[in-house]
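Q: Make a model of this:
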Amino acid sequence: MKKILTLIVCLAATMATYAQTEVIAHRGFHATKNSEHNSLSSLANAQEAGFYGSECDINETADGVLVSIHGPKHGEYTVQQTDYATLRAKKLKNGEIMPTFEEYLIQAKKNTNTKLIIEIKSHDTPERETRVVKNILKMVKRFKLKKDVEYIAFSKHVCDELVAYGPKGIQIAYLNGNMTPAECKAQGYTGIDYNLKVMKQHPEWIKQSHDLGLTVNVWTVNNPEDIKWCIDNKVDYITTDNPLEVNRQLGK
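A: Residues are numbered from 1 along each chain as shown. As a prediction, the model looks like this:
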């Protein structure tokens, strides 16, 4: 009897690992309190709300400063081709100043219960992407946040460089949607993070990923019916601009 009970407990724990869908606020929790995408307030709002994660987009300016902005444009300026001072002078729509990555890490450090999901944007050359990856890893290490951040990228080169230079236990999910879970596993990634349309075309990838020990994130899921589909299919994370609706459906 004792062995049977132990087996039941272990099976329940295994099922729970993949049954607990979590919320990632897309570009932070910006749909509240006069906030804006990728702003410091959007991260602070996500932390206050207690979401699992808050996503941010990291670009490098023409003079090598890492900034949190979706890009490729900030107003009339192309982010990666414009110097930091020029970009900084143009405020976000809510009046906040465009934050640097360092400022984002300072805010992240204030409440590490909400993980910072760092999307490293694609850049114009592999060499530049490698530099950006190394500088991001260096800054995360300096702030002692290695266990409190996760990485995502559309660029396979960026993901491969994260595998090559990242610390043990680094979490890396590929965004582009053109690799199978087995291919991602073979590259050393720890998860897939695919668009909802891709996942609906390949729902079998959810189980395949879990069988391989990979996590499954789906973006950007805002419609209540699509949110329900993700929860019913037991994805690990839902990246959304509508995090309160996800929490409502999760019963939180």
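
Q: Report whether the expected contact of residue 250 with residue 51 is present.
A: No: using CB atoms under 8 Å, residue 250 is not in contact with residue 51; the gap is 11.2 Å. (Each C-beta comes from the backbone N, C-alpha and C, glycine too.)

Q: Return the residues in contact with the nearest residue to residue 167 once chain neighbours are set aside.
A: For residue 167, ignoring the flanking residues on the chain, the nearest one in space by CB to CB, 6 or more residues apart in numbering is residue 146 at 5.4 Å. Going by CB atoms under 8 Å, 6 or more residues apart in numbering, residue 146 touches 140, 167, 169-170.

Q: Ok, residue 228 next?
A: Per CB under 8 Å, 6+ apart, neighbours of residue 228: residue 249.

Q: So it lies in a strand, does it not?
A: No: counting by DSSP: H, G, I helix; E, B strand; the rest coil, residue 228 is not part of a strand but helix.

Q: From residue 46, how far off is it?
A: In this structure, residue 228 and residue 46 are 22 Å apart, going by CB to CB, to the nearest Å.

Q: hey, where'd the helices end up in this structure?
A: 2-19, 40-49, 84-89, 101-110, 126-142, 156-165, 181-187, 196-201, 204-211, 224-232, 243-250 (DSSP state H).

Q: possible to save those as a markdown table with mean pLDDT?
A: What follows is the helices of the chain, written out as a markdown table (pLDDT from 0 to 100):
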| stretch | mean pLDDT |
| --- | --- |
| helix 2-19 | 43 |
| helix 40-49 | 98 |
| helix 84-89 | 97 |
| helix 101-110 | 98 |
| helix 126-142 | 98 |
| helix 156-165 | 98 |
| helix 181-187 | 98 |
| helix 196-201 | 98 |
| helix 204-211 | 98 |
| helix 224-232 | 98 |
| helix 243-250 | 98 |
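
Q: just those: most buried one?
A: helix 40-49 (a mean of 23; mean count of other CB atoms under 10 Å).

Q: can you give me the angle that one makes with helix 243-250?
A: Counting by axes from the mean of the first three to the mean of the last three CA atoms, to 10 degrees, helix 40-49 points 20 degrees away from the direction of helix 243-250.

Q: give the contact list for the spatially closest residue to residue 60 that is not a sequence neighbour.
A: For residue 60, ignoring the flanking residues on the chain, the nearest one in space by CB to CB, 6+ apart is residue 132 at 5.1 Å. Going by CB under 8 Å, 6+ apart, residue 132 touches 58, 60, 66, 120, 123, 158.
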